[in-house]
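Novice: show me how the following folds:
(one chain, ligands or ions: 2)
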Amino acid sequence: MQTTTIRTIGAHDGRDVRIRGWLYNKREKGKLVFLIVRDGTGYLQAVAFQPEVPPDVFETCQKVTQESSLEVRGSIRKDDRAPGGYEMKLQSITVHQVAQDYPISPKEHGPDFLLDHRHLWLRSSKQHALLKIRSEICQAIRDFFYERDFVLIDSPILTPAACEGTSTLFETDYFDRKAYLSQSGQLYLEPACMAFGRVYCFGPTFRAEKSKTRRHLTEFWMVEPEVAYADLDDLLDLAEDFVVTLVARALDRCRPELTTLERDITRLERIQKPFPRLTYDEAAAVLMRPEIQSRARGQDAPPFVPGSDFGAFDETVLTETLERPVMITRYPTKIKAFYMQPDPQNPDRALCVDVLAPEGYGEIVGGSQRIHDHDLLLRRIQEHGLPLEAFRWYLDIRRYGSVPHAGFGMGIERFVSWVAGIHHLREAIPYPRTLNRLYP
Ligand code: 4AD
Ligand code: MG
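Specialist: Ligands and ions are numbered 1, 2, ... in the order given. I've put the predicted structure just below:
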């Protein structure tokens, strides 16, 4: 008898097959037992009918418990009422291990309980759907860059210095020295982009963020492209193309998962080019309108102060009337990272962009043109009080054939949360790490 997966069950209509998996759920009705079996690729209803199966088989079906590992054998038939469109008429069953008192039941559990049981929660249908979407998006990211001739450059995780600011560094012993967990692969990508032209990295990054918001993890995955001879406008086009392509891929390949998550798909279908583009100063003018300021006060949100970064309330205001992500450019140089190229026309503004997702999901992409002038970069490193010795190699890139270049970073969990329409980032990563969580 052929062993197959539930995903490909349609190809076996009318034949006898074997499915190996786990018991997801069970119903009994008189002489019938309905076993919902999952194998990781889908769900299949296997029906045991008392007069047709031997008594011991029927009894096993009655007794088998939720999440026991098992093997069911039987004939496949099309049934439009069955979830997935096919059903198995069960002939025999082997239980490999009986699961006792599986802790997660269909009833409501609190988030802490579920997160403590993350190793089991992965089996639940919504979590399963989410992580499949994540997997598809990660594959789409690799395909996007591969098709555009970007070279994958893996950046190191153990680093001697900060990239995005010293306040959120995880420090670790490195023999007789200190090392820091990478906050971004960018600094290592810039030299590689001078070697390969177009590069990207995609890996875990670490930030000792003491914030407990639904948008912050201490370990998250970031994808970062970096392009030589690119300016801010090139970067905006790339980011727009990237986001649109990834959303389209999720719509194309993750319909069942998006349906499981009850995602409003029409909202994703509206994610098309072009995205609205707004400067920081234009966005600030919106936030300074009296009616917006009084709304902020009414909601106990700190009213926006010109020159400062946007808060969660401000981001919501800037995106609430738009159906597409908005690209906000040219933030004050003062509030952005040391490596960002100041606008030559107005050095108080940086040639940078934040892409804010609709529906209140906030910043999904952050990037900029990089300083390519050696002396200016040196000054910025000194002004930021960064250890010069650790940046010698980074400065070298401005000494040997320096060119304007630009790149961005996108946090995978932010993107997946938005696409999947989930509230909290922690469900968009298999094992979340936050201020209060390092288990399991
Ligand atoms: O804006 P950020 O800090 O930019 C950088 O790290 C640049 N070096 C990237 C580059 O230009 N190559 O972070 C980039 C993105 C954010 O837009 C957000 O999507 C995500 O990383 N991100 C986080 N995701 C989850 N938890 C956190 N604590 C995050 N911090 C940033
Ligand atoms: Mg940012």
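Novice: what segments of the stretch 151-300 of the chain are helices?
Specialist: Here the stretch 151-300 of the chain has its helices, by DSSP state H, counting those that start in this stretch, at 186-196, 232-253, 255-260, 265-269, 280-287, 290-298.
Novice: and of those helices, who's closest to ligand 1?
Specialist: helix 186-196 (3.7 Å; CB to the nearest ligand atom). In this view, the C-beta of every residue, glycine as well, is placed from N, C-alpha and C.
Novice: ok so, going back, closest to His117 out of the helices of the stretch 151-300 of the chain?
Specialist: helix 255-260 (19.6 Å; CB to CB).
Novice: returning to that earlier point: winner for burial among the helices of the stretch 151-300 of the chain?
Specialist: helix 186-196 (a mean of 20; mean count of other CB atoms under 10 Å).
Novice: let's have the helices of the stretch 151-300 of the chain in CSV, adding mean pLDDT and distance to ligand 1.
Specialist: Converted to CSV, the helices of the stretch 151-300 of the chain look like this (pLDDT from 0 to 100; distance: least, CB to the nearest ligand atom, whole Å):
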stretch, mean pLDDT, distance to ligand 1
helix 186-196, 98, 4
helix 232-253, 98, 9
helix 255-260, 97, 21
helix 265-269, 98, 18
helix 280-287, 98, 14
helix 290-298, 94, 23
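Novice: wait, which of these is closest to Val326?
Specialist: Taking those one by one with CB to CB, helix 280-287 is closest: 8.3 Å.
Novice: now do that closest one: which elements does it pack against?
Specialist: Contacts defined by 3 or more CB pairs under 8 Å, 6 or more residues apart in numbering; DSSP states H and E place helix 280-287 against helix 312-319, strand 326-329.
Novice: how far is the longest one from where the chain is centred?
Specialist: Distance of helix 312-319 from its chain centroid, counting by CA atoms, centre = their mean, to the nearest Å, is 21 Å.
Novice: just the C-alphas of that helix, formatted as PDB.
Specialist: C-alpha atoms of helix 312-319 as PDB (Å, rounded to 0.1, in the frame of the first residue of the first chain):
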ATOM      1  CA  ALA A 312       2.800  54.400  17.200                       C
ATOM      2  CA  PHE A 313       0.000  56.900  17.200                       C
ATOM      3  CA  ASP A 314       1.700  59.000  14.600                       C
ATOM      4  CA  GLU A 315       2.300  56.000  12.300                       C
ATOM      5  CA  THR A 316      -1.300  55.100  12.600                       C
ATOM      6  CA  VAL A 317      -2.400  58.600  11.600                       C
ATOM      7  CA  LEU A 318      -0.100  58.600   8.600                       C
ATOM      8  CA  THR A 319      -1.300  55.200   7.300                       C
END
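Novice: just want the angle from it to helix 280-287.
Specialist: 100 degrees (axes from the mean of the first three to the mean of the last three CA atoms, to 10 degrees).
Novice: next to ligand 1, which bits of the protein? Give me the list.
Specialist: 163-164, 184, 186, 207, 209, 216-217, 220, 222, 224, 363-367, 407-411, 413-414, 425 (CB under 6 Å from any ligand atom).
Novice: contacting residues around the residue of the chain most remote from its centre?
Specialist: The C-alpha centroid of the chain is most remote from Pro51, which lies 49.6 Å away (CA atoms, centre = their mean). Contacts for Pro51 (CB atoms under 8 Å, 6 or more residues apart in numbering) come out as Lys31.
Novice: distance of Trp176 from Pro156?
Specialist: Heads up, residue 176 is Asp, not Trp. Distance, Asp176 to Pro156, by CB to CB, to the nearest Å: 19 Å.
Novice: swap that for Glu427, sorry
Specialist: When Glu427 is compared with Pro156 (using CB to CB), they lie 29 Å apart.
Novice: might one say that Arg370 is in contact with Phe408?
Specialist: No: Arg370 is not in contact with Phe408 according to CB atoms under 8 Å; the separation is 11.0 Å.
Novice: Phe144 and Ala239 touch, don't they?
Specialist: No: in this structure, Phe144 is not within contact of Ala239 by CB under 8 Å, at 11.6 Å.
Novice: OK, contacts around the one residue in the stretch 251-400 of the chain that gets nearest to ligand 1?
Specialist: Taking CB to the nearest ligand atom, ligand 1 has its nearest neighbour within the stretch 251-400 of the chain at Gly366, 2.5 Å off. Contacts for Gly366 (CB under 8 Å, 6+ apart) come out as 352-355, 408-409.
Novice: most neighbours out of the residues you listed, which is it?
Specialist: Highest neighbour count within the contacts of Gly366, by other CB atoms under 10 Å: Cys352, with 28 neighbours.
Novice: give me the nearest residue to that residue, chain neighbours excluded.
Specialist: Leaving aside its sequence neighbours, Cys352 sits nearest to Ser368 (CB to CB, 6 or more residues apart in numbering; 3.6 Å).
Novice: Arg263 too?
Specialist: Gly421 (4.3 Å).
Novice: what about the one you found, how many residues nearby?
Specialist: Gly421: 17 neighbours (other CB under 10 Å).
Novice: domain-wise, how is the protein divided?
Specialist: Domain assignment for the chain by automatic domain parsing gives 2-97, 118-276+322-428.
Novice: out of the ones you listed, flag the one nearest Glu282.
Specialist: Proximity to Glu282 (CB to CB) singles out domain 118-276+322-428 among those, at 8.4 Å.
Novice: could you check how far the closest residue to Pro160 other than its chain neighbours is from Ile153?
Specialist: Nearest residue to Pro160, sequence neighbours excluded (CB to CB, 6+ apart): Ala390, at 4.8 Å. Ala390 sits 20 Å away from Ile153, going by CB to CB.
Novice: quick one: average confidence on stretch 116-127?
Specialist: Mean pLDDT, stretch 116-127: 97.
Novice: measure that stretch end to end?
Specialist: 14 Å (CA to CA, to the nearest Å).
Novice: kindly report the same for stretch 50-66.
Specialist: 21 Å.
Novice: can you pull the buried residues of that stretch?
Specialist: 50, 53, 57-58, 60-61, 64, 66 (16 or more other CB atoms under 10 Å).
Novice: quick revisit: Asp176 and Pro156: which is more packed in?
Specialist: For Asp176 and Pro156, the more surrounded residue by other CB under 10 Å is Pro156, and the numbers stand at 13 against 5.
Novice: backbone torsions only: list them for the more buried one.
Specialist: phi -70, psi 160 (degrees, to the nearest 10).
Novice: contacts only, for it.
Specialist: 182, 185, 188.
Novice: do the same with Thr260
Specialist: Taking CB under 8 Å, 6+ apart, one finds 125-126, 128-129 in contact with Thr260.
Novice: any idea how far it lies from Thr3?
Specialist: According to CB to CB, Thr260 stands 25 Å off from Thr3.
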